[in-house]
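In: fold the following for me, if possible:
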Amino acid sequence: MNQANIIVMGVSGSGKTTIGELLAQQLGRPFYDGDDYHSAANVAKMAAGNPLTDADRHDWLATLAAHLGEWEAAGGAVLACSALKETYRQTLQGGEQLPLTWVFLDGSHELLEKRLEGRHDHYMKASMLDSQLATLEKPTYGIHIELTNSETPEQVVARIVAQLPARASQTH
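Out: Purely as a prediction, here's the structure:
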């Protein structure tokens, strides 16, 4: 049965992977991380501190859009993906029959920078935050979560689940 996919989006350091994994567990759905679908060239470019261009992202977004169609047909999934621009979000929606459910994780520059500085096992470094924030076009739709240091990831997921539309929150 087709189920709407959920995309947890935001800039690096917003907690997309942590929140996405927990949300997927709560809903009984598979979790996928958009970062796992970047080409080796894209990863190397970001690891060197260079932001990706729209051309760099083109094939990555097309690949994710194709997978979203497959995941919807298999019962829905949760995807962590930056989806910084509206055109990127439209590309991701393109292969879908059901509307995607968007969860936007938003936080202050200070909070995001602190989180990135604490990460040592990821190619995305704190120096890239400004370019991501400059590229970000905040969506006017979906579920918006303002991040704080006072909430646990489990509390954030509970807030998301409480706001999910019925078609997206069905569990397997």
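In: the nearest residue to residue 63 once chain neighbours are set aside: neighbour count?
Out: Closest residue to residue 63 apart from its sequence neighbours, by C-beta to C-beta, 6 or more residues apart in numbering: residue 37 at 5.3 Å. C-betas here are computed from N, CA, C, even on glycine. When neighbours are counted by other C-beta atoms under 10 Å, residue 37 registers 16.
In: correct me if wrong: residue 37 contacts residue 60.
Out: Yes. Residue 37 is within contact range of residue 60, at 5.9 Å (criterion: C-beta atoms under 8 Å).
In: quick one: the helices in the chain?
Out: Assigned by DSSP state H, the helices in the chain fall at 16-27, 40-47, 54-73, 86-94, 109-117, 129-135, 153-163, 166-169.
In: just those helices: most buried one?
Out: helix 16-27 (a mean of 20; mean count of other C-beta atoms under 10 Å).
In: what angle separates that one from helix 153-163?
Out: 60 degrees (axes from the mean of the first three to the mean of the last three C-alpha atoms, to 10 degrees).
In: what's helix 16-27 packed up against?
Out: strand 6-9, strand 31-33, strand 78-80, strand 101-106, helix 153-163 (3 or more C-beta pairs under 8 Å, 6 or more residues apart in numbering; DSSP states H and E).
In: repeat that with 6 Å
Out: Where contact means 3 or more C-beta pairs under 6 Å, 6 or more residues apart in numbering; DSSP states H and E, helix 16-27 is packed against strand 6-9, strand 31-33, strand 78-80, helix 153-163.
In: wait, which of these is closest to residue 87?
Out: Taking C-beta to C-beta, strand 6-9 is the member of the helices and strands packed on helix 16-27 nearest to residue 87, at 13.6 Å.
In: off-centre distance for that closest one?
Out: The chain centre lies 4 Å from the centre of strand 6-9; the measure is C-alpha atoms, centre = their mean, to the nearest Å.
In: only alpha carbons, please: show that strand as PDB.
Out: What follows is strand 6-9, C-alpha atoms only, in PDB (Å, rounded to 0.1, in the frame of the first residue of the first chain):
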ATOM      1  CA  ILE A   6       8.400  12.000   5.200                       C
ATOM      2  CA  ILE A   7      11.500  14.200   4.600                       C
ATOM      3  CA  VAL A   8      13.300  15.600   7.600                       C
ATOM      4  CA  MET A   9      15.100  18.700   6.200                       C
END
